[in-house]
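Asks: sequence unavailable; structure follows:
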């Protein structure tokens, strides 16, 4: 058990890289010391935690390793000069031993060291990894990742996204070709903004460009955002709405009144011929040629104060129970 006792005695040193500092002369020591060799009795020593960063002072590659380390050979053992000035000996990991150089930046990592004695006590402690090797690996992986993604998404034999790019200055023309009478739509947006200065959202039937709102400067419920909030997506799923194809792509609110209202959608724009697609609870507000503007009679602002609430668990209980009642009613009607 002597090895085990020794391991626990050095736990602060092995796990946290804690040495000692003499407050009298300012010298740092690792491993920690009881007496300062410079100040002797006058020394005032206290524990000191090193940053764990330093450089390779010198190193040696071990090719004929002891029994406990044969599986790791060849490996490097180095004298590390810490940022604070103290030196220590440690094994180097996560590196190519053939490419090591004196002066390379290293940092401490926490790893398994060995298995002690017949009791099989596993000892953990500090080792150091070569930061230069890690940085090179990261840069190589990022470069390969960019190349693969670019080839898969933009090349002609991939998804060919390059074909979807349009020429500079032709955005409005392309939107007009896809979305119909874009001039009337733009006039409708301007009319709403001139007559309503509050914060609200606007939806439109059949938007082929999900970020059309960026062109005409309004707050939408359709958008494409690569940094979409997962919580909004989860809310949509909980309401059994299919407008979110992913966390980054919002296709609208499926013209469902409860969800458009929760999203503070106040106005709905469509052509006259599409009046049958207007969500329930919206009434005609204004007309511009063949374009109609409808207003949500149940509009809820983005911010509000309520005097009562139910928890998520209560909501799920009520919602599940209501759905069961509807299913049971449907089954009874089907039997009749």
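Replies: That came in fine, so what should we check first? Quick caveat: nothing in here was measured; it's all calculated off a predicted structure.
Asks: helix or strand right after the helix or strand containing residue 124?
Replies: Of the helices and strands defined by DSSP states H and E, residue 124 is found in strand 121-130. Scanning the chain past strand 121-130 towards its C-terminal end, the next helix or strand to appear is helix 131-154 (assignment: DSSP H and E).
Asks: report the buried residues of that next one.
Replies: If you call a residue buried by 16 or more other C-beta atoms under 10 Å, then helix 131-154 has these buried ones: 131, 132, 133. (Glycine included, C-beta is placed from N, CA and C.)
Asks: with stretch 200-217 instead?
Replies: Residues of stretch 200-217 classed as buried: 200, 201, 202, 203, 204, 207, 210, 212, 213, 216 (neighbour count, 16+ other C-beta under 10 Å).
Asks: quick one, what contacts the first one?
Replies: Which is residue 200. By C-beta atoms under 8 Å, 6 or more residues apart in numbering, the contact set of residue 200 is 219, 264, 265, 266, 267, 299, 301.
Asks: buried ones in the helix or strand harbouring residue 223?
Replies: Using DSSP H and E, residue 223 sits within strand 222-224. For strand 222-224, the buried set under the neighbour-count rule, 16+ other C-beta under 10 Å, comprises 222, 223.
Asks: how far off centre is it?
Replies: Taking the mean C-alpha point of strand 222-224 and that of its whole chain, the gap between them comes to 19 Å (C-alpha atoms, centre = their mean, to the nearest Å).
Asks: now do it: which elements does it pack against?
Replies: Counting contacts by 3 or more C-beta pairs under 8 Å, 6 or more residues apart in numbering; DSSP states H and E, strand 222-224 is packed against helix 212-216, strand 249-251.
Asks: hey, least reliable of the ones you listed by pLDDT?
Replies: For these, the stretch scoring lowest in mean pLDDT is strand 249-251; its value is a mean of 67.
Asks: check which element follows it along the chain.
Replies: Next along the chain from strand 249-251, counting by DSSP H and E, comes helix 257-262.
Asks: pLDDT on that following helix, on average?
Replies: 83.
Asks: same for that helix, what does it pack against?
Replies: In terms of contacts (3+ C-beta pairs under 8 Å, 6+ apart), helix 257-262 is packed against strand 291-296.
Asks: if you average pLDDT over the strand it packs on, what comes out?
Replies: For strand 291-296, the per-residue pLDDT values average out at 93.
Asks: against which helices or strands is it packed?
Replies: In terms of contact count using 3+ C-beta pairs under 8 Å, 6+ apart, strand 291-296 is assigned the packing partners helix 182-195, helix 257-262, strand 265-271, strand 282-288.
Asks: mean pLDDT lowest for which of these?
Replies: What stands lowest among the helices and strands packed on strand 291-296, in mean pLDDT terms, is helix 257-262, with a mean of 83.
Asks: buried residues, it. List them.
Replies: Within helix 257-262, the residues scored as buried using 16+ other C-beta under 10 Å are 257, 259, 260, 261.
Asks: work out the gap between that helix and the centre of the chain.
Replies: In terms of C-alpha atoms, centre = their mean, the centre of helix 257-262 is found 28 Å from the chain centre.
Asks: rewinding a little: the strand holding residue 124 pairs with which strands, parallel or anti?
Replies: According to DSSP bridges, strand 121-130 has the following sheet partners: strand 87-93 (parallel), strand 105-116 (antiparallel).
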